[in-house]
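Peer 1: Sequence first, then the predicted structure, then my questions.
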2 protein chains.
Amino acid sequence: MALVGVIGGGQLGRMLGLAGIPLGLQFRFLDPSPDAPAASVGELVIGRYDDDRLLRRLADGADVVTYEFENVPAAAAASVGAVPGARALELTQDRLVEKRLFRRLGIPTAEFELPALPALAKARRLGYDGKGQRVIQSLEQLGDDELAEELVDFRRELSLLAVRSTSGETRFYPVVENVHRDGILRVSRTPAEHAPEEEAQEYATRLLDELGYAGVLALELFESRDGSLLANEVAPRVHNTGHWTIEGARTSQFENHLRAILGLPLGSTDSQPATMVNLIGSVPPLERLLAIPGAHVHLYDKQPRPGRKLGHVTLVGDAVARSEELEAFV
Amino acid sequence: MALVGVIGGGQLGRMLGLAGIPLGLQFRFLDPSPDAPAASVGELVIGRYDDDRLLRRLADGADVVTYEFENVPAAAAASVGAVPGARALELTQDRLVEKRLFRRLGIPTAEFELPALPALAKARRLGYDGKGQRVIQSLEQLGDDELAEELVDFRRELSLLAVRSTSGETRFYPVVENVHRDGILRVSRTPAEHAPEEEAQEYATRLLDELGYAGVLALELFESRDGSLLANEVAPRVHNTGHWTIEGARTSQFENHLRAILGLPLGSTDSQPATMVNLIGSVPPLERLLAIPGAHVHLYDKQPRPGRKLGHVTLVGDAVARSEELEAFV
C-alpha cells in the first residue's frame, strides 16, 4: 500500500485521490486551506507550501511526492524530491523563462522579445485563468514583472496531454479543443477536428525530454488561421483540459499520472468523443444536472465565488450530442 | 453538500464513497474494524452495528443512512430510518423467510419445504460465499437453524441488478452470468448470452414492489437446463456481480444507489460488454495487473486471507477479449 504525498489539495488533488484509491494508494495533501477539496480522499496537512516542517511531514513515509499546482515554490518541491522534478516548475513558473524554453527547443510561440504594438502584457508569475493580463500600447507600460506578447489572431485554442513514466514509457491523449470565457476555461472538446496531432506530440516530446519529465504534462497551443501552431503555456501537472479523460479515456489523466510517477505501466489513452463543461461561479441544482442523460457530474466542494471553478460535467460517446443543452444550462 | 451514513465500511462502502464524492456527497461509515476499507473515503465510526449510541452518531446530521451489508440487525437499520428499509433486511436475512417471500410472489425457487434427498442444507442466517452449506442424506440431519433445499442441476448462475429511486423511477442493468469457485464469486460476465431479461426483470419488480424498495437490489438466479429460472437469493444492496458497472455502464451501481436513496434522477444503465474477475486470497503484483491492456484494477486495502475478496479487475469493450489471459493470471 503506497502513500502518495501531494503538494496542493485542490480539485486536482481530489481527483488524483479518487483515481488512486482503487489502486490501493493512500494520499496525504499539503494545502493552506482547512476546506481543501482533497480532504475527502486523504489526510490533509494544513499550512504553507513552503513550510519546511510541514513538507517533511508530507513526505514522511511517502513513496512519492507530487504536486497538483504549478506555483509551488521550486525549492519546496526539490526539498521533498517531488516528481515531476523541481526543474519542471522552475522552467514553467515564469512565462518569460518558459517562452525562452520553447524557443530554445524550436517550438514556435507568439513573438515576445520585441512584439508589435499594441501587445498583450502578462504577469510573468502567478498568472492563471487570464488574470494579470492587459493590452498595452507601448513597451514603457510594461511592468518589471511582466512580459509583452504579440496579440495572436488565432483560430482556436488546443491542448495536448502527454504522460511519461519514470521508465520512459510515453503516451498521448488526443488533442483537445478549448473554449475560454473571460479568460477562464469553459469547454473542452475532443477529438479536435483535423488536429495537428503529430506536430503537437513532437513539441511535447521535446519538452518531456528537456525536462527529464515523469507524470502528466499539458501543453496549451494556439492554432493560427494559417494552421500553424504556437505554444502558449506548459503545465507540469494534470490539467483542466484533461478532466474528460475520467470517463472518456480508457485510463484517466489522474490514474496515468499516478502510474507514471510510481513507475507502473501506463494505461491505454484510447478515447471516445467527449465534451467537458466547467461549472464556474455557481452550481446548478444537482437534480437538474443529473437529469441530463449521460451527464457525469463532478463537484469540488468549494465555496461559490464569481469566476471560481466549482465543478465540471462531462458527456461522452453518443451523449456528446447533448453538449449544447448542457452548455446552455450551466 | 449532503452527508450519507453507511452501516458497514467494507469494499462496498468504499466504492459507494468513490462514486459519491464526485457528486459532492460526504460519507460516514459504521464498522467494527479500524482498518475498514471505506476509511479512505469518509469518516469512520468504529464499533458494533447494533450499538445505539454509535448508530445515533452515524445518523447525526446525515441526509440519508444506508447499509452495504445485509446482516445488519434490522432493528439497527430501523432505528436510523435506513434506506432501503429494515423490512428489506428482515425478509432477506433468513433464507427460509426469503424463500417463502419468493413463493408468495410467484417467483420460482428450488424446492425447500420437502426437498428430494440428498438435499443441500444451508444456514438460514449469516451464510455467505457458500459458507455453512453441506449435502445431507436425511432431513434428520438438518439443524434447527438450517434450511434444506433441492439440489439444482443448473446450467448457469445469473444475477440481475435493479435500481429504484424513492420517486419510483426504476432501471435495470443487463443480466450478468456468474462463475463461482469454492462457493465464492470468481467471475461475472455481461451481457449473459440469451439471458431471460424480461423474466428476471419481472421477478425483480415484484420484489421491489413488495419491499417498498429504494436503492440497488440484486437478484441471484439459477438457470436450469430447460431454461427456466429459479430465484436463489436477493441482496438488498450493491452487489459483487455489479462491480463491472463502474467502467462498463454509463452509471455505476454505486452512483445509482446513491441517486436512488437521495431521490435524485437515476442515471442511464446502458452498458458495454464487461468481465469482472475477483482477486481472492492474494493480490498479484500491481505492476503485473496494470500491464494487462485495458485492465481496471480495484484493490480494497484488506489484509490477505484465504478465500477473502481483496479486489477485482474489470475489462470492458474490446478488452473483454483478454478475459482468459486475466483469469489465468489471477
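Peer 2: Perfect, thanks for sending it.

Peer 1: How many neighbouring residues does the residue of the stretch 151-300 of chain A found nearest chain B have?
Peer 2: Nearest residue of the stretch 151-300 of chain A to chain B: residue A:299, at 3.6 Å (C-beta to the nearest C-beta). All C-beta spots, glycine's among them, are computed from the backbone N, C-alpha and C. Using other C-beta atoms under 10 Å in any protein chain shown, residue A:299 has 22 other residues around it.

Peer 1: per-residue confidence at it?
Peer 2: What the model reports for residue A:299 is a pLDDT of 98.

Peer 1: which residue sits closest to it in space, ignoring its chain neighbours?
Peer 2: The spatial neighbour of residue A:299 that comes closest, neighbours along the chain excluded (C-beta to C-beta, 6 or more residues apart in numbering or on different chains), is residue B:24 at 3.6 Å.

Peer 1: show me where the stretch 151-300 of chain A has helices.
Peer 2: Here the stretch 151-300 of chain A has its helices, by DSSP state H, counting those that start in this stretch, at A:197-211, A:245-248, A:253-261, A:286-290.

Peer 1: what is the mean pLDDT for the last one?
Peer 2: Over the span of helix A:286-290, the pLDDT mean works out to 95.

Peer 1: near chain B at all, that helix?
Peer 2: Yes. Interface with chain B: helix A:286-290 contributes A:286-287, A:290 (C-beta under 8 Å from any C-beta of the partner chain).

Peer 1: Just the buried residues of those.
Peer 2: Taking 16 or more other C-beta atoms under 10 Å in any protein chain shown as the criterion, what is buried in the residues of helix A:286-290 next to chain B is A:286, A:290.

Peer 1: what's around the residue lying closest to residue A:315 once chain neighbours are set aside, how many residues?
Peer 2: Using C-beta to C-beta, 6+ apart and skipping the chain neighbours, the partner closest in space to residue A:315 is residue A:275 (5.0 Å). As a burial measure, residue A:275 scores 23 neighbours (other C-beta under 10 Å).

Peer 1: Check residue A:268 too.
Peer 2: Each residue near residue A:268 was counted by other C-beta under 10 Å, and the total is 15.

Peer 1: my read: it touches residue A:252, true?
Peer 2: No. At 11.0 Å, residue A:268 and residue A:252 do not qualify as touching, with contact defined as C-beta atoms under 8 Å.

Peer 1: what sits against the residue in the stretch 1-150 of chain A positioned nearest to chain B?
Peer 2: Closest residue of the stretch 1-150 of chain A to chain B, C-beta to the nearest C-beta: residue A:24 (3.6 Å). Counting by C-beta atoms under 8 Å, 6 or more residues apart in numbering or on different chains, residue A:24 makes contact with A:1-2, B:283, B:286, B:299-301, B:311.

Peer 1: Redo those residues as CSV? Include distance to residue A:213.
Peer 2: CSV is the format used below for those (distance: C-beta to C-beta, whole Å):
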residue, distance to residue A:213
A:1, 26
A:2, 21
B:283, 30
B:286, 22
B:299, 27
B:300, 32
B:301, 30
B:311, 30
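
Peer 1: Neighbour-wise, which one of the residues you listed leads?
Peer 2: In terms of neighbours by other C-beta under 10 Å, the contacts of residue A:24 top out with residue B:311 at 25 neighbours.

Peer 1: Out of the helices of the stretch 151-300 of chain A, which one sits most buried?
Peer 2: Among the helices of the stretch 151-300 of chain A, ranked by average contacts under mean count of other C-beta atoms under 10 Å in any protein chain shown, first place goes to helix A:253-261 (a mean of 28).
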